[in-house]
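> Let's see this in three dimensions:
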Amino acid sequence: MPSSTSTRLAALTVAAVCSTVASTVLTVPARAATPTTDRVAIHDIQGTTRLSPLVGAQVTEVPGTVTGVRGYGSSKGFWFQSTVPDRSPATSEGLFVFTGTAPAVAPGDEVRVSGTVTEFVPGGTAGGNQSLTQLSRPTVTVVSSGNPLPAPVTLDGRSVPDSYTPVGDPTAGGSINGLPLRPTVHALDRYESLEGMNVRIGSSRVVGATAFNELWVTVKPGENANRRGGTVYGSYRDQNTGRLKVQSLAPVAERPFPAANVGDLLKGGAEGPLDFNQFGGYTLTARTPVTVVDRGLERERTRPQHRRELAVATYNVENLDPGDPQEKFDSLAEAVVTNLASPDVLALEEVQDDNGRTDDGTVSAGVTLARFTEAIAARGGPRYAWRSVDPADGRDGGEPGGNIRQVFLFNPQRVSFTDRPGGDATTATGVVRRAGKAALTHSPGRVAPASDAWTNSRKPLAGEFVFRGRTVFVIANHFASKGGDQALTSQFQPPARSSENQRHRQATELNAFVKDILKVQPTADVIALGDINDFAFSRTTELLEDGGALWSAVRSLPAGDRYSYAYQGNSQVLDQILVSPSVRRGGFSYDTVHINAEFADQNSDHDPQVLRVRR
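Numbers count the residues shown, from 1 in each chain. Okay, here's the model as predicted:
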């Protein structure tokens, strides 16, 4: 990074907070190269890196044409764009003006804007986000109205490079802020070179369902596409560069945002200024109406297990508690019966206590589970029994007061549960030899609950099941979340994934426990499953599989079907079922049942998975 930029970064100070989330405006001394004339153009302000060379400076009478107005939310303002561009592809000709109140301008207004050049960091500097170059505390003069807008720049497979980002400057802590933009080489550089400008996309496939009045599309139809219309995230080294978030500039009350599922078509595309925000980075803020064509994506149904197959499934039911509407219980129950074909054993994650988020010391979940199992039976499913271990109050993370935990549901007509009493929130289950075979000291029991690997996180739940006379050890998991990781569009590249550290310790603990079972009985059937909160290609999975103790069954699926979650347009693996060598040798079938992650209407943000073991 050039020394001048290093000095500028070192001088960053917090000047203002401009939204309801932690977002920071940074001011620094203007560089010595600041033009002496009061008149500068937008490209002079934007410069050829991610930080303005004029940040902190007062500029006057900057000319341009208004291309979009945002009169609602916490970041009210407008975008304007120069009609006399320079010759550099690295310098954006568009700029956001933060007004703080509804702007008194309209698209097509020719304006002159004076104000302070600032760098706005969505989420605050601690999150590592890139910043948005903007003008603050503006004075705006409307010169004329009804002018034609600058022609939009088209974003498509030809104009967006396949390389996602440059590697950050090691002398600047891995930041890319001071690196010269290379918009023909890197996708993030291309988007940054158009920050604030009028852009358009053509008809585009939806790769992230509507949520919070936004959706995700891809401008590269062939990029890691799968059969259901998504874009699969398969490697840290192969980012999906064509993903782009789309929002509407019109208030929802004025122009309702369409509900779209993955695979639907954003018909006619969209046009508007290219913004940068906290939740997803580069965003096309559509000035034009957003129209979606339904492509008819259907929820999957897995096949029923055969008589000699043990079906074991996992499902994150997203903070289920008695305060949820009956519709959620009914829809989840319908999914268990119809889409999952009533598995023999079902490991649930995110079951809350009997009064949900109320924080009064309650830890039992009997009311929650009774209501859920009754809903399943009412839909023609089995009358499931359940086993779990109540957590210590406030010790397992999740929503404050909710005391989420894992739970086993099982069909007593198909399997039996081996109860070994004594397991509680703080007592670890162990492995012993009984009649020449492995057995748990407590069933159900928790795996190493005192280990710091599980601090403020869910402890694994282990239990013994018997199917056709054979014991199967099932371990339900909910590893630490990805909260705190830097975004894919972070200024630091590659972004830091600090949450991995705890998951790595958790994976090591779980792997050691499975090895304890296999040491006593090498032929033991062990199934570890749940919300692992990490990818099949991650170091977390490698640690789970260490020494061949476990193998992630998602690898048995075609690459295009390896996902259980959709985040910012990436279809990705978070939930996994891992099996011991004997389960793998004995034969199995594995299915991720896509019923939630791809849909705007969902009862959980995770897709369930089912493993059918032949015995």
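
> Which residues belonging to stretch 131-144 are considered buried?
S131, L132, T133, Q134, L135, S136, P138, V140 (16 or more other CB atoms under 10 Å). Using the backbone N, CA and C atoms, a C-beta is placed for each residue, glycine as well.

> next SSE after the helix or strand containing the last one?
If I follow you right, that is V140. Following DSSP states H and E, one finds V140 within strand 132-144. Once the chain leaves strand 132-144, the next helix or strand it forms, by DSSP H and E, is strand 153-154.

> For that following strand, which strands pair with it and how are they oriented?
strand 198-201 (parallel) (DSSP bridges).

> From the contact counts, what lies against the helix or strand just after the strand it pairs with?
Downstream of strand 198-201, the next assigned helix or strand under DSSP H and E is strand 204-211. Packing partners of strand 204-211 (3 or more CB pairs under 8 Å, 6 or more residues apart in numbering; DSSP states H and E): strand 214-218, strand 243-248, strand 265-267, strand 565-567, strand 570-572.

> quick one: average confidence on the first one?
If you average the pLDDT over strand 214-218, you get 98.

> Just the angle for it relative to strand 204-211, thanks.
Interaxial angle of strand 214-218 relative to strand 204-211 (axes from the mean of the first three to the mean of the last three CA atoms, to 10 degrees): 150 degrees.

> Could you check how far strand 214-218 is from the centre of its chain?
With CA atoms, centre = their mean, to the nearest Å as the basis, strand 214-218 stands 13 Å off its chain's centre.

> what's the answer for the fourth one, then?
When distances are taken as CA atoms, centre = their mean, strand 565-567 is centred 6 Å away from the chain's centroid.

> now swap in the last one and tell me
Using CA atoms, centre = their mean, we find the averaged C-alpha position of strand 570-572 to lie 8 Å away from the chain's own average C-alpha position.

> quick one: Y282 from E223, how far?
To E223, Y282 is 16 Å away according to CB to CB, to the nearest Å.

> With neighbour numbers in mind, choose between these two.
Between Y282 and E223, Y282 has the larger neighbour count (other CB atoms under 10 Å), namely 22 against 19.

> For the protein, which residues score under the pLDDT cut-off?
Across the chain, the ranges flagged by pLDDT under 70 are 1-38.

> What is the neighbour count of the closest residue to A250 other than its chain neighbours?
Nearest non-adjacent residue to A250, counting by CB to CB, 6 or more residues apart in numbering: P289, 7.8 Å away. If you count neighbours by other CB under 10 Å, P289 ends up with 11.

> Likewise for the one 10 residues further on?
When neighbours are defined as other CB under 10 Å, R299 has 17 of them.

> give the contact list for the spatially closest residue to it that is not a sequence neighbour.
Excluding the flanking residues, the one nearest R299 by CB to CB, 6+ apart is I595, at 4.2 Å. Taking CB atoms under 8 Å, 6 or more residues apart in numbering, we find I595 in contact with R299, E300, A335, N339, Q602, D607, P608.

> again, but for R615
R308, E309, L310, F467, R468, R470, G586.
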